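S.K.: Generate coordinates for the sequence data below:
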Amino acid sequence: MKYFWLILLVSVVVGASIGWTTNYVQYASKPAFFGEIDYTGNITSDNVMEHLKQFHSDSGAVAEVEDSATHDFGAMPPSTKGKHTFVIKNVGSEPLTLELGATTCKCTLGSLEDSSVAPGETTSVELEWTVASDKTTFEQSAELRTNDPARPAIRLMVVGRIIRDIEFEPDLITFGNVTVGDSFELSTKFFSFMDDKIKIKAGEFSNEAFTPLAEFEAQEYDPKDGDTAHAHAKQAFDIKVNVKPGLRQGPLSTRMIVVFTKVDENGEPMGDELYGTTEIAGKVVGPLSMLQNTYVKTTENGSYFWNLGRLGPDDKLEYKALLALKGSEKDATNLSIGESYPAGVVSAELGKPIGREETRLFPIILKLTASEETIDLLGKNEDDFGWVWIESDNPKVGRMRIAVKVLIEPRQ
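M.R.: Below is the predicted model:
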């Protein structure tokens with residue numbers, strides 16, 4: 001028993017020591033400050049204003065950065081170094097003093113030409129930087145401290161773009177929704193920053209179904225005729241891909257591989273084939289769809305349903321929506337209401353089409369019939385919901401089923 005009390009006493013002493021040590025390291029060992037006032041009594045409420053005067057300047061010096069305090073270097077390859085000289089002018093009436101301050105991690109301030117600048121005179125400071133390899137844009141800064149009362153610190157900025165040997169713009173080609181049976185065109189621009197001239201040989205695609213339907217074309221143009229962001233490129237190509245009908249309905253993602261080689265002064269290939277890749281993404285949709293609204297929703301696979309929730313005795317039983325028919329077969333197709341389920345509860349009525357240039361819209365009204373018992377079509381179990389079929393008289397336009405998810409409370 002005596003060992004128990006001894007062990008308990010030792011545990012208490014050790015625990016208290018650890019707690020005191022932790023508290024001391026975190027709090028007691030650090031100087032305490034209230035603003036500029038410290039706990040030692042050296043700076044108090046009586047002398048704090050006098051202490052702050054050392055940080056305030058009444059100098060007549062006025063610092064001005066010639067041209068701009070921000071330098072845009074345009075574009076540089078990853079891991080390369082650059083430098084720029086900023087010129088500081090004193091436009092005030094008293095000498096301007098300058099001191100090198102903090103810099104961000106990718107910048108280095110060189111020595112000042114003169115740390116004291118007379119009124120009307122200038123001095124220069126060189127800023128060096130190293131371009132990161134994992135970014136597409138660059139922005140770093142450095143600071144000069146001054147005795148200018150209105151500008152105690154000058155922030156010098158370096159910005160620009162980080163470029164690889166080749167670039168696509170846009171680097172992701174999206175074509176949105178394309179109707180089954182329609183052709184469409186994709187486009188992007190391909191830039192080369194290589195010292196050697198290149199020649200594009202072909203375009204390939206990772207999707208086997210996409211390849212036989214795609215016609216690849218690359219046309220070279222002067223980079224200076226395009227956007228200013230790529231005006232420094234050595235070569236530029238306008239790439240177009242014409243895609244013929246034949247893709248299956250659903251999401252589409254494929255990689256486009258541009259095959260090219262370096263060429264000599266005579267245009268003859270040099271070395272191995274090189275490759276540049278970018279992504280193509282979009283969705284091939286059926287010609288028949290619905291316009292979503294408060295009650296009409298779509299699933300991940302592109303199916304549509306009325307999501308009506310729980311309808312009480314006073315809620316309406318008719319809901320309007322619009323069917324959309326587009327594509328090359330829209331004018332040669334008539335729609336009608338097919339089978340509905342459950343019969344006697346779910347039905348629909350189709351209105352006359354509203355003509356548009358690219359789309360024909362068909363008003364549709366969903367009609368529900370209540371009974372003396374609860375009708376549960378919320379789809380808690382598989383196929384435990386209602387539905388309406390939209391029929392087409394054109395074999396190239398498939399029929400479409402619209403689900404109905406609803407619970408109808410009893411009505412007299």
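
S.K.: wait, what's in contact with the residue positioned nearest the centre of the chain?
M.R.: The centroid of the chain falls nearest to Leu172 when counting by C-alpha atoms, centre = their mean (11.3 Å). Contact criterion C-beta atoms under 8 Å, 6 or more residues apart in numbering gives 278-279, 281 as the residues in contact with Leu172. Heads up, the C-betas are built off the backbone N, CA and C, glycines and all.

S.K.: try Ser328
M.R.: 179, 181-182.

S.K.: And those residues, which is the shakiest by pLDDT?
M.R.: The member of those with the lowest pLDDT is Gly181, at 80.

S.K.: Could you measure from it over to Lys283?
M.R.: 14 Å (C-beta to C-beta, to the nearest Å).

S.K.: Tell me if I'm right that Leu206 and Leu252 touch.
M.R.: In this structure residue 206 is Ser, not Leu. No: contact criterion C-beta atoms under 8 Å: Ser206 and Leu252 do not qualify, at 11.4 Å.

S.K.: In terms of neighbours, single out the busier of the two.
M.R.: Looking at Ser206 and Leu252 with other C-beta atoms under 10 Å, you find the greater number of neighbours at Leu252, namely 18 against 14.

S.K.: Now the helix or strand containing the more buried one: buried residues?
M.R.: Taking DSSP states H and E as the definition, Leu252 sits inside strand 250-263. By 16 or more other C-beta atoms under 10 Å, the buried positions in strand 250-263 come out as 252, 254, 256, 258, 260-262.

S.K.: for Leu325, what are its contacts?
M.R.: 287-288, 333, 335, 353, 359-362, 397.

S.K.: For Thr228, what are phi and psi?
M.R.: phi -70, psi -20 (degrees, to the nearest 10).

S.K.: tell me the domain boundaries of this protein?
M.R.: 63-162, 166-285, 288-408 (automatic domain parsing).

S.K.: Skip the chain neighbours and tell me the closest residue to Lys326.
M.R.: Counting by C-beta to C-beta, 6 or more residues apart in numbering, Thr359 is the residue found nearest to Lys326 once chain neighbours are left out, at 4.4 Å.

S.K.: Point me to the helix or strand that includes Phe305.
M.R.: Counting by DSSP H and E, Phe305 is found in strand 304-311.

S.K.: so the next helix-or-strand element following that strand versus strand 304-311, what angle?
M.R.: Using DSSP H and E, the helix or strand that follows strand 304-311 in sequence is strand 318-326. Interaxial angle of strand 318-326 relative to strand 304-311 (axes from the mean of the first three to the mean of the last three C-alpha atoms, to 10 degrees): 170 degrees.

S.K.: buried residues in strand 318-326?
M.R.: For strand 318-326, by 16+ other C-beta under 10 Å, it's 319, 321-326.

S.K.: Pro223: which of those is nearest?
M.R.: For the buried residues of strand 318-326, the closest approach to Pro223 (C-beta to C-beta) belongs to Lys326, at 38.0 Å.

S.K.: Please give me every residue in contact with the closest one.
M.R.: Applying C-beta under 8 Å, 6+ apart, the residues near Lys326 are 179, 287, 289, 358-360.

S.K.: Any regions of the chain where pLDDT drops low?
M.R.: For the chain, the stretches flagged by pLDDT under 70 are 1-57, 105-112, 133-135, 163, 356, 382-383.

S.K.: quick one, longest strand in it?
M.R.: strand 269-285 (DSSP state E).

S.K.: and it with strand 250-263, angle?
M.R.: Using the same axes, to 10 degrees, strand 269-285 lies at 170 degrees relative to strand 250-263.

S.K.: elements contacting strand 269-285?
M.R.: Packing partners of strand 269-285 (3 or more C-beta pairs under 8 Å, 6 or more residues apart in numbering; DSSP states H and E): strand 166-169, strand 172-179, strand 184-192, strand 198-205, strand 250-263.

S.K.: Please repeat the previous calculation with a cut-off of 7 Å.
M.R.: Contact analysis of strand 269-285 by 3 or more C-beta pairs under 7 Å, 6 or more residues apart in numbering; DSSP states H and E lists strand 172-179, strand 184-192, strand 250-263 as its packing neighbours.

S.K.: what are the pairing partners of the first one, and which direction each?
M.R.: Looking back up the chat, that one is strand 172-179. The strands beside strand 172-179 in its sheet (DSSP bridges) come out as strand 269-285 (parallel).

S.K.: partners of the next helix or strand after the strand it pairs with, with directions?
M.R.: Sequence-wise, the next helix or strand downstream of strand 269-285 (DSSP H and E) is strand 288-290. Sheet pairing of strand 288-290 (DSSP bridges) gives strand 318-326 (antiparallel).

S.K.: Find out how far the partner strand is from the centre of the chain, if you would.
M.R.: 33 Å (C-alpha atoms, centre = their mean, to the nearest Å).

S.K.: Mind listing what's buried along the helix or strand following it?
M.R.: Once the chain leaves strand 318-326, the next helix or strand it forms, by DSSP H and E, is strand 335-341. Going by neighbour count (16+ other C-beta under 10 Å), the buried part of strand 335-341 is 335, 340-341.

S.K.: Tell me the bridge partners for Glu318.
M.R.: In beta-bridge terms (that is, DSSP bridges), Glu318 pairs with Lys367.

S.K.: Apologies, that question was intended for Ser141.
M.R.: Under DSSP bridges, the beta-bridge partners of Ser141 are Met157.
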